[in-house]
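S.K.: Predicted model and sequence follow; I will ask about them next.
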Amino acid sequence: MRDIRTITGLRVLSVEEGADLGAVSQVVVDLAAGNVLGIIVGSGSVEKAVRAEDIQTIGTDVVMISSRDVAGAVQEHPELAAHRREPVNPLGVFTKSGRKLGIVATVFIDPLDKVVTRYEVSAGPLKDVTDGILTLPVIDGTIHGQDAIILPDAAVAQFGREIGGLRAALGRLGETAGVKYRQAADGVEKVVESSSETLRKNARVAREKAAELSEQMRREKEETPQQSEAPEEAVEAAQPAPAEEAQDAQVLEQPEPGIGDVETAAPAEEEHEEVQPCCAETHEDVQPCCAETHEEAPQSDAPAADADVEEPAQEAATADEQSEEKQ
């Protein structure tokens, strides 16, 4: 679909000769039949008309025709001459009841099939802003004259202004707001229902967990007294005696020291030395050893002491022998 205003001004080229015939000054259409009749090339005394069937392509940049021979005078094509319009004389649109709808603002065509798809009727700048532009298709019973378009009232009543005016925009805005409000309300309702269901589910799970914990604690409480009696008795039996009782027990277990051990017990513990037994024959005490160094006391004087003891013994024996001889 293409606005005919975008075609006006394009250059027209012939395919066979490659000649430039000029620019498109007007696209001629029949709004009653809904067809593209042709184009007007140039203006003034040099203008020419090209029928729609002689147009090969309506491109974006140029219009291609088969040959320059297909472009002739406008008077040679009476149908084009009857439907062409002058820019200074806009084509008015009226109903058969005499109500003016506006003027033809623009026409939309299919450039491939060369047919009219729709056209717009403007009621003036202010009316277009408030109510929008009236968009009409090709209506049966339409009369397309040289100066006006006549439409049947019943057909016009079926169509309204194109959405785009302020009034239509406000109505569209209100409708959109209503749709959005309903969508938001539905979304909130779904969220609330989902949240309520989730809360109920979580509460049910929490109650079940609480019941399980309560039952578990009750069973543990019933089993705890029976299991705790034996451990308490074992703990009391395993507790060691107080320090005072342990000391008393040690005192009772120790034997009472003898009379001869009173004097030697304490020094032996203090000096950590062992007292050597005395010699029965010589009545001499053996030198003690040092308990700490585990060394024996020096015995360098032992031979001298033995000699001193032996001499009195020999003298005593000699005296006894002399007394016996005298007797």
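M.R.: Everything's here; your move.
S.K.: show me where pLDDT drops low in the stretch 101-250 of the chain?
M.R.: Residues of the stretch 101-250 of the chain meeting the criterion pLDDT under 70: 131, 159-175, 225-250.
S.K.: show me where it has strands.
M.R.: Using DSSP state E, counting those that start in this stretch, the strands found in the stretch 101-250 of the chain span residues 115-122, 134-136, 143-144, 148-151.
S.K.: So which elements touch the second one?
M.R.: For strand 134-136, the helices and strands in contact under the criterion 3 or more Cβ pairs under 8 Å, 6 or more residues apart in numbering; DSSP states H and E are strand 115-122. Placement of C-beta: from N, CA and C, glycine included.
S.K.: Contacts for the strand it packs on next, please.
M.R.: For strand 115-122, the external contacting residues (Cβ atoms under 8 Å, 6 or more residues apart in numbering) are 1, 29-31, 34-36, 93, 101-110, 128, 133-138, 162.
S.K.: tell me which residues in that strand are buried?
M.R.: Neighbour-count burial for strand 115-122 flags V115, V116, R118, Y119, E120, V121, S122 (criterion: 16 or more other Cβ atoms under 10 Å).
S.K.: Repeat that for stretch 66-85.
M.R.: By neighbour count on 16+ other Cβ under 10 Å, the buried set for stretch 66-85 is R68, V70, A71, V74, H77, L80, A81, H83, R84.
S.K.: Contacts for it, please.
M.R.: Stretch 66-85 is contacted from outside by 12, 14-17, 19, 21, 26, 28-30, 37-38, 40-41, 47-51, 54, 56, 65, 91, 144, 146, using Cβ under 8 Å, 6+ apart.
S.K.: Show me the residues you listed that map onto strands.
M.R.: Of the contacts of stretch 66-85, the ones assigned to strands by DSSP state E are 12, 14, 21, 26, 28-30, 37-38, 40-41, 48-51, 56, 65, 144.
S.K.: Pull out the buried residues from the residues you listed.
M.R.: By 16+ other Cβ under 10 Å, the ones in strands among the contacts of stretch 66-85 give 12, 14, 21, 26, 28-30, 37-38, 40-41, 48-51, 65, 144 as buried.
S.K.: rewinding a little: quick one: the strands of the stretch 101-250 of the chain as a markdown table, columns for distance to E223 too.
M.R.: Converted to a markdown table, these look like this (distance: least, Cβ to Cβ, whole Å):
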| stretch | distance to E223 |
| --- | --- |
| strand 115-122 | 91 |
| strand 134-136 | 89 |
| strand 143-144 | 105 |
| strand 148-151 | 99 |
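S.K.: of those strands, which approaches E215 most closely?
M.R.: Across the strands of the stretch 101-250 of the chain, E215 has its closest neighbour in strand 134-136 (77.2 Å, Cβ to Cβ).
S.K.: Quick one: end-to-end length of stretch 12-20, please.
M.R.: Using Cα to Cα, to the nearest Å, one end of stretch 12-20 lies 6 Å from the other.
S.K.: and it, what's its mean pLDDT?
M.R.: Averaging pLDDT along stretch 12-20 yields 92.
S.K.: Ramachandran coordinates for the closest residue to E17 other than its chain neighbours?
M.R.: With sequence-adjacent residues excluded and distances taken as Cβ to Cβ, 6 or more residues apart in numbering, E17 is closest to R68, at 5.5 Å. Dihedral angles of R68 (phi, psi; degrees, to the nearest 10) stand at phi -70, psi -10.
S.K.: Relative to I7, which of the buried residues of strand 115-122 is nearest.
M.R.: V116 (13.1 Å).
S.K.: From E197, how far out is the closest one?
M.R.: Counting by Cβ to Cβ, to the nearest Å, the separation of V116 from E197 is 59 Å.
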